[in-house]
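Q: give me coordinates for this.
(chains A and B)
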Amino acid sequence: AQSVTQLGSHVSVSEGALVLLRCNYSSSVPPYLFWYVQYPNQGLQLLLKYTSAATLVKGINGFEAEFKKSETSFHLTKPSAHMSDAAEYFCAAQGGSEKLVFGKGTKLTVNP
Amino acid sequence: NAGVTQTPKFQVLKTGQSMTLQCAQDMNHEYMSWYRQDPGMGLRLIHYSVGAGITDQGEVPNGYNVSRSTTEDFPLRLLSAAPSQTSVYFCASSSSVRRDTQYFGPGTRLTVL
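A: Below you'll find the model as predicted:
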């Protein structure tokens, strides 16, 4: 069965620092991969997705993620954190069906 | 398009009460699903449907029932609510043509006392 692992339930960075949120998936066949963001008391917003085209995917708000098949990873990065990036981030995978499997989430704190 | 709508936004129940969470979409999507979100657990799939009249269980189906009589609606029923069902519930839909794009509703926050 498909599974998604997010390393680090909490990540704290300083404003202006690099943001790196880690995600690994388990699948013999590369699935579709997604990053979602959730701001406090709000719903899910799609940041970006990988659907077997370019391995470096650019999303909204300056985020990007790189699909690495050899490492079964899809880490999310942003060169310079902003206070408004503070939120919870979820990595998700979609295999041969429409079902999404989510990681447990990483809460990002941005310190001034 | 209204997209995916969910009602109510908030609900408080007592243990043993029943209720239905409503989900509707106006995009003619074949696939609809229900997730629950709990702190530290991410989102977990409860039930899903690939079309009217077809439903199946997800990862955490116990205590929940669903039906899909129309393409637009996919209600989630709690027959006898338990405190363990306190959660935030999200409904999602997607088209079979663009299955890589799921649309999420705004969520229903349910508290069971």
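Q: give me the three-state assignment for the residue most central in space within chain A.
A: The centre of chain A sits closest to residue A:35, judged by CA atoms, centre = their mean, with a distance of 3.7 Å. With DSSP: H, G, I helix; E, B strand; the rest coil as the basis, residue A:35 sits in strand.
Q: from chain A, how far off is the residue positioned nearest the centre of chain B?
A: With distances taken as CA atoms, centre = their mean, residue B:34 lies nearest the centre of chain B, 3.0 Å away. Residue B:34 is 12 Å from chain A, where distance means CB to the nearest CB, to the nearest Å. For glycine as for every other residue, the C-beta is placed from the backbone atoms N, C-alpha and C.
Q: shouldn't the residue nearest to the centre of chain A be in contact with residue A:22?
A: No. Look at residue A:35 against residue A:22 with CB atoms under 8 Å: they stay out of range, at 11.3 Å.
Q: chain A contacts on chain B?
A: Within chain B, the positions lying close to chain A (CB under 8 Å from any CB of the partner chain) are B:31, B:33, B:35, B:40-45, B:48, B:50, B:58, B:90, B:92, B:94, B:96, B:99-102, B:104-107.
Q: narrow those residues to those that are buried.
A: Buried by 16 or more other CB atoms under 10 Å in any protein chain shown: B:31, B:33, B:35, B:42-45, B:48, B:50, B:58, B:90, B:92, B:94, B:99-100, B:102, B:104-105, B:107, out of the residues of chain B next to chain A.
Q: those strands in chain B, which residues are they?
A: Ranges of strands within chain B are B:4-7, B:10-13, B:19-25, B:31-38, B:42-51, B:54-57, B:64-66, B:76-78, B:87-94, B:103-104, B:108-112, based on DSSP state E.
Q: nearest to residue A:10, of those?
A: Taking CB to CB, strand B:42-51 is the member of the strands of chain B nearest to residue A:10, at 14.2 Å.
Q: how far is the closest one from where the chain is centred?
A: Its chain's C-alpha centre and that of strand B:42-51 lie 7 Å apart, by CA atoms, centre = their mean, to the nearest Å.
Q: adjacent strands (with direction) for it?
A: When pairing is defined by DSSP bridges, strand B:42-51 lines up against strand B:31-38 (antiparallel), strand B:54-57 (antiparallel).
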